[in-house]
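Engineer: build me a structure from this.
(2 chains)
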Amino acid sequence: MAVNSRRLWELIRKEFRQMFRDPRSARMIFLSPIVQLLLFGYAVNTDVRNAKTLVVDYDATATSRELVQTFAASGYFQIVGYGHRPADLARALDRGDVVLGLEIPRGFAADIAAGRPAQVQVLVDGTSSNTATVAQGYATQIIGQFRRADGRTGGQTGGRADAIDLRARAWYNPNLVSRVYNVPGVIGTIVMLMGLLLTALAIVREREIGTLEQLMVSPLSPAELILGKCLPVVAVCFIDLMMITVVAMLWFHIPLIGSFGLLLFASTFYILSGLGLGLLISTVSNTQQEAFMSMFFFFLPAIILSGFMYPVENMPIVVQYATLANPIRHYLVIVRGIFLKGAGLEVLAPQIAVLAFMGVTVLWIAASRLRKTTA
Amino acid sequence: MTRLLAIARKEVIQLRRDPRSLVMGFVVPAFLTLMFGYVMNFDVKHLPLGVIDQDRTMTSRDLVSAYASSGYFVVTERLERTEDVEPMLQRGTVRMVLVIPPGFAAGHDRQLQILVDGGDANTAAIAMNYANAITAAWAGRTTHDARRTVTVVPQTRVWYNEELKSSNMVVPGLIAVIMMIIAAMLTALTVAREWERGTMEQLAATPVHPVEVIIGKLVPYFVIGLFDVAVAIFIGLTVFKVPFRGNPVILLGTTSLFLLGALGLGIFISAAIKNQLLATQVAMLATYLPSLLLSGLMFDIASMPRALAAITTIVPARYFIVVLRGVFLKGVGPAVLWPQALGMLLFAVIGLSLAVRAFRKEIG
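Structural biologist: Next comes the predicted model:
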C-alpha cells in the first residue's frame, strides 16, 4: 500500500482535467443536478390545491351559494363550472374535466333553517386515487363544519361544551407542502448517480480506449491508482451536494433545520458506497454499453425502492425488508431527518452506521476485485 | 413485400442472438409491471400511531380502539407525557400522536389533539383526514346529541375507483410508461448497431427502399410490444384485480398507434445518433423520466406550474394514460377519448416520418 503523494496528486490533476474537458461530462456534473432539482421540485407534487370542481346547485339560495363560496375560499377547490342536470356532472367526470362534483339538492336552505340535517352529495373521480382521497377528506371537513349548530368552525372553540374539538397539527412541515419532502431527497439520487456514472463509465471508457493499460504500466501503485480515481469523484459529489443544498434553500426555500456538518459527515459514507458500487460495475463490464445497462438495472429499482417518491411503509412486507439493503433508503432518512426535523446524531446513528458499513464493505470488495484485474 | 419480409426476418434473427435485447423485450416488462404495481402506492394503511391517554377512562379507551380498528392506524406506542412525542416523531417510530386530555370523558375538556409528522406531506394529509373521519364517526356513535351539532351531512360517492386503490390508478397507466421505455430502448439499438458493425453500407447497397427498411425493422418489435401489453394487462387483471369496463377494440387500436409512435421515435434516435451507447442514453432520457414524471401517472398535471404543464403536452404517454384509464376504469368510448386518440395518431405519424427521414438521409 505504498502511496506517493506527488504521484497521486498528478493523477488527481489528470482526472479533473479529463472530467471538465469533455463538455458532456461537465454538463452532467453541473447541469443535471439543477435540472433534476427543478423537475422534482415542480413535477413531483402530491399537494391537492385548486381541485377542479363542478357545482350542481338545485337549491339556488343564499345558503347554498354560501356553501359553494366556502368551497372556493378554502383554496383546495376551484369551481370551474355550474351544471343544471345530473348528466352534466356525469359527463364532466367521464371526460376528466373535473375531479369533484358538488350536488346541492332542492330544500337545502329550508332544511337548515328548520334545524333538520341537510344533505349534499359529493361525487369524486377515483381514477387518481391519491388526489381523490385527499380531496374527499377536505370536502367532508368543509361540509361538516358548515354552519355548525354550536357556532364552531375550524378549530375555534366555544358554544357547546360537550362537542368534541379535534385539533390537528402537522409538525416539521406545517403547511403540508410535498416539495419540502421531495427536494432534499434529490441530493440522495444525484450523489448516487454521480458516484455510479463517474466511476463505472469512466473506468470502462478508459479500458475501451486503452488508456487504463497505460496507467497500469506507469509506476503508480494499485492503491494510488484507486485513490487517484476515487478522490476526484468524491470531490465532485460534495460539490453537487452543496450546489443542491444552496439551490434548494434559496430557490425553493426549503429550510435546513439540522446541522450541515452532520449532513456532510453522513454523506461521506454514502458517497463511498456509491463509488464502491460504480467500481464494482466497472469490474463486471467490458464495454460502456454494458456498464450503462448494468447501471440502469441497478439504479432504477434502487430509486423506486428507496422511499424517494413512494413511501417504503406502503410496500409489501417482503419488499420492505429488501429495501434495507438499499443505501439510498438509509441516506434519505438522514437527509430528510436533518433538513426537516433537525435530527441529530443520536437519532440518525443507526442509519449512519449502516451506511458506513456498506460504504467500507462495497469499496473494499470493489478495490480488491479491481486490483486483481489490474495486476 | 418479399423484401420487407426479408428485412423483418433478418431483424428477428439478429434479435434472437442478442440475449440482452430478448430479456429487455420479454422479461423486463412483466417485471416492471409487478414491481411498479406493488411499489407505487400512496394508500395509507397501518400507520404507526402513538397515544397519550391522560383520561384513562372507558370512553377514552373506546376512542383509541376506534382508531386501532379502522385499519388505517396501528397503536404502536403508549406515551405518558407530551415531551416524549418529539423524539418518537424524529425517529419515525410513530407518525401520528393522539392526545386525550384528562377529564375528556367527564366532559370537562373535549379538546383532542392530533400531532402528525408532516414531513411526508401526502401521507400526513390523508392521515389527518382519516383522523377527522374516525373521530366524527365515533362521536356520532357515542354522544347522542352530537348529530345535532352538525348542520350538513355530506354523502360522498367515489366513481370509477370505488375503493380508492392506488393500483387501480397506477397499473393501467403503467402500460404506457413501460411501452415507451421498451419500445424506444429496443429500437434505439437497431440502427446504431448496424452502423457500428458496418452492415449499414451493405443494407444501403441493396435495392431496398428506406421505407421498407423501417417497416421491416418495426414489424418484429411491434409484435413484441403487443405481446408485452397483453402480459401487462393479464397481470393487471389477475394480480392487481383492476377492473376492465371499456372496449378492448379501442384499447388495441390506441395501443397500436402508441407503439408505432414510440418505435418510430426509437429508430429516429438510433439513426440520428449512430452510437449504441449514446442512443440508449438519449432514448432513456427522452422516454423514461418524462413518461414517469410528466405524464400524470402519479403526479397530477393540474398541480404543476404552467410552464411545466405546457411541456407535458408533448409527452405522448400523457395521452395514452388518459385512454388507458378511460378504457379500464371509466368504461368510456370514442365520444370522450377522441382528442387523445388524435394526439396519439399525430405522435405515430411524427415518429414514423422522423424515422424515415433520418434514415433516408443516411442511406442517401
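Engineer: and the pLDDT at residue 288?
Structural biologist: Since no chain was named, I'll use chain A. According to the prediction, residue A:288 has pLDDT 82.
Engineer: oops, I was thinking of chain B
Structural biologist: 80.
Engineer: tell me which element the closest residue to chain B within the stretch 1-150 of chain A is part of?
Structural biologist: Taking Cβ to the nearest Cβ, chain B has its nearest neighbour within the stretch 1-150 of chain A at residue A:137, 2.6 Å off. (Each C-beta comes from the backbone N, C-alpha and C, glycine too.) Residue A:137 belongs to helix A:129-145 when elements are defined using DSSP states H and E.
Engineer: could you do residue A:32 as well?
Structural biologist: Judged by DSSP H and E, residue A:32 forms part of helix A:23-42.
Engineer: got it, and residue A:55?
Structural biologist: Using DSSP H and E, residue A:55 sits in strand A:51-57.
Engineer: now do the very next helix or strand once past that strand: which elements does it pack against?
Structural biologist: As assigned by DSSP H and E, the chain's next helix or strand after strand A:51-57 is helix A:62-73. Helix A:62-73 sits against strand A:51-57, strand A:77-83, strand A:100-104, helix A:108-114, helix A:129-145, with contacts defined as 3 or more Cβ pairs under 8 Å, 6 or more residues apart in numbering or on different chains; DSSP states H and E.
Engineer: quick check: mean pLDDT across helix A:62-73?
Structural biologist: Mean per-residue pLDDT for helix A:62-73: 93.
Engineer: ditto for stretch B:100-113
Structural biologist: Across stretch B:100-113, the average pLDDT comes to 86.
Engineer: what of stretch A:141-153?
Structural biologist: For stretch A:141-153, mean pLDDT is 70.
Engineer: ok, now stretch A:47-54?
Structural biologist: 89.
Engineer: what does that stretch contact?
Structural biologist: Stretch A:47-54 has contacts (Cβ atoms under 8 Å, 6 or more residues apart in numbering or on different chains) with A:71, A:75-83, A:88-89, A:92, A:97-102, A:131, A:134-135, A:138, A:176-179, B:121-122, B:125, B:302-303.
Engineer: list buried residues within those.
Structural biologist: A:71, A:76-77, A:79, A:83, A:89, A:92, A:98-102, A:131, A:134-135, A:138, A:176-179, B:121-122, B:125, B:302-303 (16 or more other Cβ atoms under 10 Å in any protein chain shown).
Engineer: and the residue in the stretch 51-200 of chain B that chain A sits nearest to, what does it touch?
Structural biologist: Nearest residue of the stretch 51-200 of chain B to chain A (Cβ to the nearest Cβ) works out as residue B:129 at 2.6 Å. Going by Cβ under 8 Å, 6+ apart, residue B:129 touches A:133, A:134, A:136, A:137, A:138, A:140, A:141.
Engineer: per-residue pLDDT, the third one?
Structural biologist: By that I understand residue A:136. We have a pLDDT of 89 for residue A:136.
Engineer: from what I see, it and residue B:154 are in contact.
Structural biologist: No. If you go by Cβ atoms under 8 Å, residue A:136 and residue B:154 don't touch, sitting 9.1 Å apart.
Engineer: does chain B sit close to the helix holding residue A:32?
Structural biologist: Yes. Helix A:23-42 reaches chain B (Cβ under 8 Å from any Cβ of the partner chain) through A:39, A:40, A:42.
Engineer: now do that helix: everything it contacts.
Structural biologist: For helix A:23-42, the external contacting residues (Cβ under 8 Å, 6+ apart) are A:19-20, A:179, A:182-183, A:185-186, A:189-190, A:193-194, A:197-198, A:236, A:239-240, A:243-244, A:247-248, A:251-252, B:289, B:293, B:304-305, B:308.
Engineer: residues near residue A:188, how many?
Structural biologist: Neighbours of residue A:188 under the rule other Cβ atoms under 10 Å in any protein chain shown: 28.
Engineer: that's a helix at it, yeah?
Structural biologist: Yes. Assessed by DSSP: H, G, I helix; E, B strand; the rest coil, residue A:188 belongs to a helix.
Engineer: helix or strand right after the helix or strand containing residue B:38?
Structural biologist: For residue B:38, the enclosing helix or strand under DSSP H and E is helix B:28-39. Next in sequence after helix B:28-39, counting helices and strands by DSSP H and E, comes strand B:47-53.
Engineer: what helices and strands are in contact with that next one?
Structural biologist: Against strand B:47-53 (3+ Cβ pairs under 8 Å, 6+ apart) you get helix B:58-68, strand B:73-78, helix B:85-91, strand B:96-100.
Engineer: hang on, the earlier thing: residue A:136 and residue B:154: who's more crowded?
Structural biologist: A direct count of neighbours by other Cβ under 10 Å for residue A:136 and residue B:154 places residue A:136 higher, at 26 against 18.
Engineer: which residue packs closest to that one, ignoring adjacent ones?
Structural biologist: Nearest non-adjacent residue to residue A:136, counting by Cβ to Cβ, 6 or more residues apart in numbering or on different chains: residue A:124, 5.0 Å away.
Engineer: okay, and the beta partners of the one you found?
Structural biologist: Applying DSSP bridges to residue A:124 gives these bridge partners: residue A:100, residue B:158.
Engineer: which residues touch residue B:106?
Structural biologist: Contacts of residue B:106 (Cβ under 8 Å, 6+ apart): residue B:57.
Engineer: is it in a helix, a strand, or coil?
Structural biologist: When classified by three-state DSSP, residue B:106 comes out as coil.
Engineer: tell me the pLDDT of residue 133.
Structural biologist: As the question left the chain open, I've gone with chain A. 88.
Engineer: that's the wrong chain, I meant chain B
Structural biologist: 86.
Engineer: what are the buried residues along stretch B:198-213?
Structural biologist: B:200, B:203, B:208, B:210, B:212, B:213.
Engineer: to clarify, my last question referred to stretch A:339-348.
Structural biologist: A:339, A:340, A:341, A:342, A:343, A:347, A:348.
Engineer: can I get those residues in TSV including secondary structure?
Structural biologist: Formatted as TSV, those follow (three-state DSSP):
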residue	secondary structure
A:339	helix
A:340	helix
A:341	helix
A:342	coil
A:343	coil
A:347	helix
A:348	helix
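Engineer: quick check: residue B:98 touching residue B:114?
Structural biologist: Yes. The pair residue B:98 / residue B:114 is scored as a contact, 6.0 Å apart, by Cβ under 8 Å.
Engineer: who's more crowded, those two?
Structural biologist: In this view residue B:98 and residue B:114 are compared by other Cβ under 10 Å, and residue B:98 has more residues nearby, 26 against 19.
Engineer: got a list of what that one touches?
Structural biologist: So residue B:98 contacts B:49, B:50, B:51, B:52, B:64, B:67, B:112, B:113, B:114, B:131 (Cβ under 8 Å, 6+ apart).
Engineer: next one: residue B:90
Structural biologist: Neighbouring residues of residue B:90 by Cβ under 8 Å, 6+ apart: A:337, A:341, A:343, A:347.
Engineer: same thing with residue A:313?
Structural biologist: A:320, B:46, B:47.
Engineer: how about the nearest residue to residue A:113, chain neighbours excluded?
Structural biologist: residue A:63 (7.8 Å).
Engineer: and that neighbour, what does it touch?
Structural biologist: By Cβ under 8 Å, 6+ apart, residue A:63 lies in contact with A:108, A:109, A:112, A:113, A:147.
Engineer: filter these to the buried ones?
Structural biologist: Of the contacts of residue A:63, these count as buried by 16+ other Cβ under 10 Å: A:108, A:109, A:112.
Engineer: my read is that residue B:138 contacts residue B:64, right?
Structural biologist: No. Between residue B:138 and residue B:64 there is no contact under Cβ under 8 Å: 9.9 Å.
Engineer: what is the neighbour count of the closest residue in space to residue B:316 that isn't next to it in sequence?
Structural biologist: Ranked by Cβ to Cβ, 6+ apart and with sequence neighbours excluded, the top spatial neighbour of residue B:316 is residue B:347, at 4.4 Å. Other residues near residue B:347 number 23, with proximity taken as other Cβ under 10 Å.
Engineer: equivalent analysis for residue A:261, please.
Structural biologist: Using other Cβ under 10 Å, residue A:261 is surrounded by 9 other residues.
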